[in-house]
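A.B. asks: just coords:
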């Protein structure tokens with residue numbers, strides 16, 4: 001019985017050893033597969049995130065260029081509006097000067113028609129000033145609207 005017991009114990013030890021070796025081998029194989037799968041997923045994620053980042057950077061650069069062009073166009077329009085405003089002020093000043101001289105001449109001569117003409121010239125100068133102011137405001141608003149639309153890419 002002693003011999004049978006020793007053989008049984010030896011078989012059990014060999015079976016446990018084979019089981020342990022098989023478990024370790026399976027564990028190593030599974031771990032290697034999982035690590036390869038994780039590395040593949042990380043590489044895929046990195047490639048996708050790099051592509052998204054590159055696309056976002058290109059979009060940012062494109063929008064920056066559009067905004068820069070829109071602001072340059074806006075500045076050009078505002079310069080044009082300022083020029084128009086300056087012209088309107090010059091016309092108003094000329095009309096005011098002429099109106100004052102006509103009013104003085106009319107008062108000295110007692111001519112009511114000449115006096116009315118002087119007042120009309122004064123009103124014409126005020127009207128020219130208002131037209132210049134309105135044109136400047138209109139141009140500024142239109143330039144801002146166009147700059148925003150162009151920067152958004154809707155124009």
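C.D. replies: Received the coordinates, thanks. Everything numeric in this text was worked out from a predicted model, so none of it was measured.

A.B. asks: in the protein, which ranges drop under the pLDDT threshold?
C.D. replies: 1, 153-155 (pLDDT under 70).

A.B. asks: For it, which residue occupies the most central location?
C.D. replies: What sits nearest the mean C-alpha location of the chain, by C-alpha atoms, centre = their mean, is residue 63, with 5.4 Å.

A.B. asks: Residue 151 is in contact with that one, correct?
C.D. replies: Yes - look at residue 63 against residue 151 with C-beta atoms under 8 Å: they come within range, at 6.9 Å. No exception for glycine: its C-beta is placed from N, CA and C like everyone else's.

A.B. asks: ok so, going back, okay, and the residue nearest to the centre of the chain sits in which element?
C.D. replies: Using DSSP states H and E, residue 63 maps to helix 2-109.

A.B. asks: Show the subsequent helix or strand relative to that helix.
C.D. replies: helix 112-152.

A.B. asks: helices or strands up against that following helix?
C.D. replies: helix 2-109 (3 or more C-beta pairs under 8 Å, 6 or more residues apart in numbering; DSSP states H and E).

A.B. asks: Just give me how far the helix it packs on sits from the chain centre.
C.D. replies: Chain-centre distance of helix 2-109: 13 Å, with C-alpha atoms, centre = their mean, to the nearest Å.

A.B. asks: try stretch 96-111
C.D. replies: How far stretch 96-111 lies from its chain's middle: 57 Å, per C-alpha atoms, centre = their mean.

A.B. asks: Identify the residues contacting it?
C.D. replies: Stretch 96-111 has contacts (C-beta atoms under 8 Å, 6 or more residues apart in numbering) with 112, 113, 114, 115, 117, 118, 119, 120, 121, 122, 124, 125.

A.B. asks: for those residues, which one is nearest residue 40?
C.D. replies: For the contacts of stretch 96-111, the residue nearest residue 40 by C-beta to C-beta is residue 125; the value is 80.1 Å.

A.B. asks: tell me the contacts of the closest residue to the closest one other than its chain neighbours?
C.D. replies: Take residue 125 and drop its neighbours on the chain: the residue closest to it by C-beta to C-beta, 6 or more residues apart in numbering is residue 95, 3.1 Å away. By C-beta under 8 Å, 6+ apart, the residues touching residue 95 are 121, 122, 124, 125, 128.

A.B. asks: Having no further points to raise, I will conclude here.
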